[in-house]
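> Only the shape, not the letters, is given here:
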């Protein structure tokens, strides 16, 4: 209701005045939510996960480790909202929903008897002060690279939004609850922005790819590459794929270990972890002799790392272009990466919002000059066409949406959608003809 009132009044208020009062509005909502729900984060061990890439995977992995240690957990993120044994998909198209939602979610977690909560925290959420009055016990920073530039006005503003979350840690804070420790900042020292976060006045612990040595992307059979890594002297064999997932595992394992979870418990939890919905998610039916993978990859860097995880296979790539109204600079970059790694490229619709989807796709195509490229605006037809081109041991890679439940179109309209479900439906038809 408050958001509707805000949108209605925005039309009649000069932009300069509107922008001036926005922080006050967001602060009032943040404090109101905390007061109404009685500061629930004070009753939980709360770990925030922020960064450009890997937030959802790291959050899901950490949640699994906490569960493996016997804790009752809550999880709020891009993919789902979970309290104890109850889980529901996130249908908001926001990784970190509004202030009242987060505080209400944490209160429900406390009332359900949860002891640990994992929350994805975003730059957009920080810009609207959604992290205020959430008492973090730890903040994991996965990595920082350009994203949401139009929304924040500059890359510097984007990084500053992330830094504001880290600054919310209380250097000497400790809760009077079992398992609580001093608030800590957990940083990836391989990231180029690491030093900016390490200058913040808070206890810090670090991780890097060196901590996983010896590590490998081990091959199983002809195509499957899963990761093996070391952590605190123990070896982990994970069904997850790609170097990026080694980083996600390290981030989650480092956080869990800080809260006293043993390496043997971490190893058991990770080796039984079979994957994350919409994140390198495998679609497989009987009779299928090629890989079909759905992934959220929506930045140039994440797309490249995703493609690199399938380096031994012929790749047929359904590139979901990029969403309308934001990060237009990256469109040709996404095309260049697809050209570098893919053998066949199908460009299609993703979330155009109020932009012309053909215009978006043509801007992606500007980065492609030599590889076979087909434009199919209908996303279902694009997926079906990619599957029809696949041969034994190929990889059909469908990117851009992951678990996103809608295709967002003009005037706020949305079309219910699931890349995984559509891929299964079209794969059934393809296999029936072979």
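That came through fine. None of the values given here were measured: they were computed from a predicted structure.
> hey, which helix or strand in the chain has the poorest pLDDT?
helix 2-10 (a mean of 55; mean pLDDT, DSSP states H and E).
> pLDDT at residue 26, what is it?
At residue 26, the model reports a pLDDT of 89.
> and it, what is it in contact with?
99, 128, 129, 130 (C-beta atoms under 8 Å, 6 or more residues apart in numbering). Placement of C-beta: from N, CA and C, glycine included.
> Columns distance to residue 417, neighbour count and pLDDT on top of the residues you listed, output as TSV?
TSV is the format used below for the contacts of residue 26 (distance: C-beta to C-beta, whole Å; neighbours: other C-beta atoms under 10 Å; pLDDT from 0 to 100):
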residue	distance to residue 417	neighbour count	pLDDT
99	28	26	71
128	26	21	94
129	31	21	94
130	26	27	94
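> Dump those into CSV; add distance to residue 324 as well.
Rendered in CSV, the data for the contacts of residue 26 read as follows (distance: C-beta to C-beta, whole Å):
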residue, distance to residue 324
99, 26
128, 21
129, 26
130, 24
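> So which of these belong to helices?
Mapping the contacts of residue 26 onto helices (DSSP state H) picks out residue 99.
> quick one: secondary structure of residue 145?
Using DSSP: H, G, I helix; E, B strand; the rest coil, the structure places residue 145 in coil.
> count of residues packed around it?
17 (other C-beta atoms under 10 Å).
> Could you find the closest non-adjacent residue to the residue nearest the centre of the chain?
Centroid-nearest residue in the chain: residue 56, 3.8 Å away (criterion: C-alpha atoms, centre = their mean). Nearest residue to residue 56 in three dimensions, chain neighbours excluded: residue 78, at 4.6 Å (C-beta to C-beta, 6 or more residues apart in numbering).
> Next up, phi/psi of the one you found, please.
For residue 78, the backbone dihedrals (degrees, to the nearest 10) come out as phi -60, psi -40.
> For it, give me its contacts.
With contact set as C-beta under 8 Å, 6+ apart, residue 78 has these partners: 55, 56, 90, 95, 120, 296, 402, 403.
> Those residues in helices, which ones?
55, 56.
> Can you spell out the domain ranges of the protein, please?
2-271, 281-432 (automatic domain parsing).
> Confidence-wise, which of those is weakest overall?
domain 2-271 (a mean of 91).
> count of residues packed around residue 198?
15.
> Please name the residues that touch it.
185, 187, 204.
> among those, who's most crowded?
The contacts of residue 198, ranked by neighbours (other C-beta under 10 Å): first place residue 187, 27 neighbours.
> Can you tell me the element that one falls in?
Residue 187 belongs to strand 184-188 when elements are defined using DSSP states H and E.
> buried sites along whichever helix or strand comes after that strand?
Next along the chain after strand 184-188, taking DSSP H and E as the criterion, comes helix 194-198. Within helix 194-198, the residues scored as buried using 16 or more other C-beta atoms under 10 Å are 194, 196, 197.
> right, and residue 328 touches residue 150 too?
Yes. Between residue 328 and residue 150 there is a contact at 7.3 Å, judged by C-beta atoms under 8 Å.
> what about those two, which has more around it?
Applying other C-beta under 10 Å to residue 328 and residue 150 shows that residue 328 carries more neighbours, namely 16 against 11.
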